[in-house]
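Asks: sequence below, structure please.
(chains A and B)
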Amino acid sequence: MNTIDKFLTNSCKSDPGKLALIDDNSKFTFLELEEKVQKFSSFLNQFQEKSVISLLFENTSEFVISYLATINSGCIAHLIPTGISESNLQNQISSAQPTLVLSSDSYFSKIKNLELENSMKVKFSEVKEISSEKKIPSSNDYAYLIYTSGTTSTPKGVPITHSSCDFSTKNIARTLHYSKNDIDLLPLQLSHSFGLGCLHTSLYVGSTLVLQKNPNATDILNSIKKYNVTTLAAIPSTLSNITSNVSDDSLAPLSNLRLIITNSTFFPPATIRKLKNILNTGIVATYYGLTEASRSTFMLFDDEKKIESVGKPSECIEIKIHNESDDENIGEVWIRGPNVIDNYWEKEYSHNKSDDWLKTGDLGRFDDDGFLYILGRVDDLINISGEKVYPQEIERIVKVLSEIDEVVAIPMKHNSFGEVVKLLVKKSINSKISSTDILTHCIKNMERFKVPAKIEFVEDFPRTDYGKIKRFMLK
Amino acid sequence: MNLNDDVKKIFFETFPLLTESDFSWEKTQNNYDDWDSFAQLNLITLTEAKFEINFSDDEITSINSPKTLLDMIKSKI
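Replies: I've put the predicted structure just below:
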């Protein structure tokens, strides 16, 4: 079983002169990166093993160096998204109790005024090499700590061990056939488990990773062309943005990719079809996973009939549908396997585990061929006179209408039916769509009980630091 | 389009299978095939959205024909 620091060390041993990392301003071979990490580790080795070191960095080589050096020094890397709000940052710091808070120079102002007890705040440029004793992490130690985005509740700390990360990295590399010949483009936050998993995989297989900071569709297409990129990992909205807003002629750089991987429980079929049409021989894939249970399934979109599935459970991972309702096939998704966390950082959240099973809070079902479908969240179900309605089903039907940017269906109390559907709609710019237009469309395309009883237009939705809508705040 | 046409249109949108010959202003809820409690909810929601008005629970209960709906709208606009 590897510890994460070995990913870089092993790739460096096998191909030291190969390009490992490219960002907006710099390039590093594996040897150069290893040397930078070792120097940085010498500074961090002064802290006791298993200390928490909080890292606030954008997608740059500085993130990679600080992260790997933290791991290398036997400490736990607490990864903070750069878009974090002040209050959430203070909450995370209070919970994680770091010994050191380290940031890029440009983000130092964000941590400068943090209230910290017994810990230091340091800029990347202030770190100096010092003489220190080398540390060796073990596979059962925590490697990093990420707080959940808080889409469904208050953020929870999720600590990941080296062994769990090693399992997930090998799972990604094996399933998606990553190799040292790949050049991987990453327009994703490294502080999120999707982006971090891609970093681990590149280091593990010895491929070249191209990091991007807040790129637009053109930046992504230009980088694919410039670096002869072979794989692209991006969230669905980035991919939809590329396919919708870029002319077909300009999409040519995508055609030679061997893999486009995304991370959604619902990836619009129209986007999947368009991407498949553009790719010459490459594949489009998604996965289902949580920070607490990384990459539990993979879906390689090669069967039109399964286009709404998130795929089959990965090797050595068990998934079951826990059912307490009348509908036999639908229930809460429970996951067990080496990718599942032992515990949350805060002990009060232990009720999310039952024996070794992680209770995800997601609603799902398997089809007869063993493919998993995610239908929504257990807490989001709308109960209309005993009929269970999945908000995502309503939202998918409404999203078909043009002139609508985003839509959220939530329950609304009703005297006769217990609950009915209330629809919150964010219109596109210059949209003239009315409640009547939406209702008429719903009546045509839904069973009667699912038709919203109220429609409200909103400017925007409350969001997490990762930009996801906080549904629980809308109810 | 006058008010009568607007209300009639709401009925045809709420009951997509309704034909001209089946529609009557006087016919009550029991005489329409699929005018159940959920259809009533759809009808009221669509009317409220179209005319930007609100009905109380008692008013909703009293709407049992195209004519009663028309009269109720007239009293509010």
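Asks: all contacts plus neighbour counts: C-alpha atoms, from now on.
Replies: OK.
Asks: next, the buried residues of the helix or strand bottoming out on mean pLDDT in chain B.
Replies: Ranking every helix and strand in chain B by mean pLDDT, DSSP states H and E puts helix B:57-62 at the bottom, with a mean of 91. Across helix B:57-62, burial judged by 16 or more other Cα atoms under 10 Å in any protein chain shown covers B:Ile60.
Asks: close to chain A, is that helix?
Replies: No: no part of helix B:57-62 sits near chain A under the criterion Cα under 8 Å from any Cα of the partner chain; the closest distance found is 8.8 Å.
Asks: what's downstream of that helix, the next helix or strand?
Replies: helix B:66-74 (DSSP states H and E).
Asks: right, and the helix or strand after the helix or strand bottoming out on mean pLDDT in chain A?
Replies: The weakest-scoring helix or strand in chain A, judged by mean pLDDT, DSSP H and E, is strand A:353-354 (a mean of 76). As assigned by DSSP H and E, the chain's next helix or strand after strand A:353-354 is strand A:357-366.
Asks: neighbouring contacts of that following strand?
Replies: A:293, A:321, A:329-336, A:340, A:352-353, A:372-379 (Cα atoms under 8 Å, 6 or more residues apart in numbering or on different chains).
Asks: those in helices, which ones?
Replies: The members of these all map outside helices under DSSP state H.
Asks: could you give the mean pLDDT of stretch A:231-249?
Replies: Averaging pLDDT along stretch A:231-249 yields 87.
Asks: which other residues reach that stretch?
Replies: A:182-188, A:195, A:198, A:217-218, A:251, A:257-264, A:267-268, A:271, A:274-275.
Asks: so how far does it reach from one end to the other?
Replies: 20 Å (Cα to Cα, to the nearest Å).
Asks: how about it: buried residues?
Replies: In stretch A:231-249, counting by 16+ other Cα under 10 Å, buried: A:231-236, A:238-240, A:242-243.
Asks: then stretch A:252-266?
Replies: Under 16+ other Cα under 10 Å, the buried positions of stretch A:252-266 are A:253-266.
Asks: repeat that for stretch A:436-448.
Replies: Result for stretch A:436-448 [16+ other Cα under 10 Å]: buried residues A:436, A:438-443, A:448.
Asks: does the residue most central in space within chain A belong to a helix, a strand or coil?
Replies: The centroid of chain A falls nearest to A:Phe194 when counting by Cα atoms, centre = their mean (3.8 Å). Under the three-state scheme (DSSP: H, G, I helix; E, B strand; the rest coil), A:Phe194 adopts helix.
Asks: list the contacts for it?
Replies: Residues in contact with A:Phe194 (Cα under 8 Å, 6+ apart) are A:188, A:263.
Asks: beta partners for A:Glu406?
Replies: A:Lys426 (DSSP bridges).
Asks: count of neighbours near it?
Replies: When neighbours are counted by other Cα atoms under 10 Å in any protein chain shown, A:Glu406 registers 17.
Asks: among the contacts of stretch A:231-249, name the ones in helices.
Replies: For the contacts of stretch A:231-249, membership in helices holds for A:195, A:198, A:217-218, A:271, A:274-275, with DSSP H as the criterion.
Asks: in ChimeraX, select just the buried ones from the residues you listed.
Replies: In ChimeraX syntax, the buried subset of the ones in helices among the contacts of stretch A:231-249 is picked out as below (16+ other Cα under 10 Å):
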select /A:195,198,217,271,275
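Asks: between the ones in helices among the contacts of stretch A:231-249, which is nearest chain B?
Replies: A:Thr271 (31.3 Å; Cα to the nearest Cα).
Asks: residue contacts, that closest one?
Replies: By Cα under 8 Å, 6+ apart, the contact set of A:Thr271 is A:239-240, A:243.
Asks: could you do A:Ile394 as well?
Replies: Applying Cα under 8 Å, 6+ apart, the residues contacting A:Ile394 are A:409, A:446, A:450.
Asks: and if you look at A:Ser132?
Replies: A:42-43, A:45-46.
Asks: please apply the same query to A:His78.
Replies: With Cα under 8 Å, 6+ apart, A:His78 has these contacts: A:52-55, A:96, A:98, A:144-146.
Asks: try it again with 10 Å
Replies: A:52-56, A:67, A:70, A:92-93, A:96-98, A:101-102, A:143-147, A:157-159, A:191 (Cα atoms under 10 Å, 6 or more residues apart in numbering or on different chains).
Asks: what helix or strand does it sit in?
Replies: Here A:His78 is assigned to strand A:76-80, by DSSP H and E.
Asks: coming back round to it: so which of the buried residues of stretch A:436-448 are in strands?
Replies: The subset of these located in strands under the criterion DSSP state E is empty.
Asks: how about the helices in chain B?
Replies: For chain B, helices defined by DSSP H occupy the ranges B:3-14, B:37-51, B:57-62, B:66-74.
Asks: for the record, mean pLDDT for the longest one?
Replies: Looking back up the chat, that one is helix B:37-51. 94.
Asks: count the residues that sit near A:Ile429.
Replies: Neighbours of A:Ile429 (other Cα under 10 Å): 9.
Asks: which SS class is it?
Replies: Per three-state DSSP, A:Ile429 ends up coil.
Asks: wait, what's in contact with the residue lying closest to it once chain neighbours are set aside?
Replies: Leaving aside its chain neighbours, A:Ile429 sits nearest to A:Glu403 (7.7 Å; criterion: Cα to Cα, 6 or more residues apart in numbering or on different chains). Applying Cα under 10 Å, 6+ apart to A:Glu403 gives the contacts A:426-433.
Asks: rerun at 6 Å
Replies: Neighbouring residues of A:Glu403 by Cα atoms under 6 Å, 6 or more residues apart in numbering or on different chains: A:427-428, A:431.
Asks: tell me which parts of chain A are close to chain B?
Replies: Proximity of chain A to chain B (Cα under 6 Å from any Cα of the partner chain) is limited to residues A:435-436, A:448-449, A:453.
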